[in-house]
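J.: Give me a 3D structure for the following:
(chains A, B and C)
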Amino acid sequence: MGTERLSSSQDDDEVRKGPWTMEEDLMLMNYIANHGEGVWNSLAKAAGLKRTGKSCRLRWLNYLRPDVRRGNITPEEQLLIMDLHSKWGNRWSKIARQLPGRTDNEIKNYWRTRIQKHIKQQGEAERVRDQMISIGSCSETNYDCAISPCNQVSSFANVAEPMEISHDYFPSSQGDVEVLGYQQTTNDNYWSMEDLWSMQLLN
DNA sequence: AACTGTTCCAACCGCTGTAGA
DNA sequence: TTCTACAGCGGTTGGAACAGT
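T.: The predicted structure follows:
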């Protein structure tokens, strides 16, 4: 990324990398508006862009396409992503096709950031639990550590590959709770929604 | 205000599948 | 059958933006 090159007479023949400039965007948009999409390598040359066809394709599909929607993934979309991911795993493009205007890249990024957050949170929770168990101070009445299903679905490190068991990623944001129509009302719930998903999938 | 850590996402890379010669 | 070019996909990374101290 940080490899963006400023144009110079020496670099004129080189392939540009890095962030797209407004001028490049306009060139690509104008060309496609006039000629339509085509073979991307020749399109890049014909449009006068010093980019690879691959780069042009990616820029168009993920950013410039008129019907592309970015940001503000709705709770409904969240739910659909979760559902489809449980069926198909990391088939981002397949999932994206079910969400009009969304790109595989965006869904992939969205998923990854959620997962990474969850790995961290769960990892910390497990470490605390382990410590509590090891010192024998785990209360049966107010702490869910003893037989927590979190210990069965060990971590997202495992989930990353076989995503089929990944429903336990449910983030704890309010929107998700609304989507689920399920709310944990007290702190003595032994099974979180994450855990319920895990159990369902393990069965 | 300055610094540091974290999050998010645009873009790249490498690989695979497919079509055509 | 093999080779080449291209499209498409999923994984990864770099850095800007943001949040916290």
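
J.: Spell out which residues of chain A are next to DNA strand B.
T.: Counting by C-beta under 7 Å from any atom of the strand, chain A comes close to DNA strand B at A:1, A:16-20, A:51, A:54-55, A:58-59, A:62-63, A:70-71, A:105-106, A:108-110, A:112-113, A:116-117, A:120. To be clear about C-beta, it is placed using only N, CA and C from the backbone, and glycine gets the same treatment.

J.: how does it look with 6 Å?
T.: With the criterion set to C-beta under 6 Å from any atom of the strand, chain A comes near DNA strand B through A:1, A:17-20, A:55, A:58-59, A:62-63, A:70-71, A:105-106, A:109-110, A:113, A:117.

J.: For chain A, give me the ranges with low pLDDT.
T.: Confidence mapping of chain A against pLDDT under 70 gives the ranges A:1-13, A:115-203.

J.: mind redoing it with 50?
T.: A:1-12, A:137-203 (pLDDT under 50).

J.: What does A:Pro98 show for phi and psi?
T.: No, residue A:98 isn't Pro; it's Gln. Main-chain torsions, A:Gln98, degrees, to the nearest 10: phi -90, psi -10.

J.: and it, what does it touch?
T.: A:80, A:84 (C-beta atoms under 8 Å, 6 or more residues apart in numbering).

J.: ok, now how distant is it from A:Thr113?
T.: With distances taken as C-beta to C-beta, to the nearest Å, A:Gln98 is found 20 Å from A:Thr113.

J.: same thing with A:Ala33?
T.: Distance from A:Ala33 to A:Thr113, by C-beta to C-beta: 33 Å.

J.: about what we covered before: show me how to select, in PyMOL, the buried members of the residues of chain A next to DNA strand B.
T.: This is the PyMOL syntax for the buried subset of these, where burial follows 16 or more other C-beta atoms under 10 Å:
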select buried, chain A and resi 20+55+58+59+106+110
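
J.: The residues of chain A next to DNA strand B in helices, which ones?
T.: Counting by DSSP state H, the part of these found in helices is A:55, A:58-59, A:105-106, A:109-110, A:113, A:117.

J.: got JSON lines for these, with distance to A:Ile81 too?
T.: Formatted as JSON lines, those follow (distance: C-beta to C-beta, whole Å):
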{"residue": "A:Ser55", "distance to A:Ile81": "26"}
{"residue": "A:Leu58", "distance to A:Ile81": "21"}
{"residue": "A:Arg59", "distance to A:Ile81": "23"}
{"residue": "A:Asn105", "distance to A:Ile81": "13"}
{"residue": "A:Glu106", "distance to A:Ile81": "10"}
{"residue": "A:Asn109", "distance to A:Ile81": "12"}
{"residue": "A:Tyr110", "distance to A:Ile81": "7"}
{"residue": "A:Thr113", "distance to A:Ile81": "12"}
{"residue": "A:Lys117", "distance to A:Ile81": "15"}
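
J.: hang on, A:Arg57 packs against A:Trp40?
T.: Yes. With contact defined as C-beta atoms under 8 Å, A:Arg57 reaches A:Trp40; the gap is 4.6 Å.
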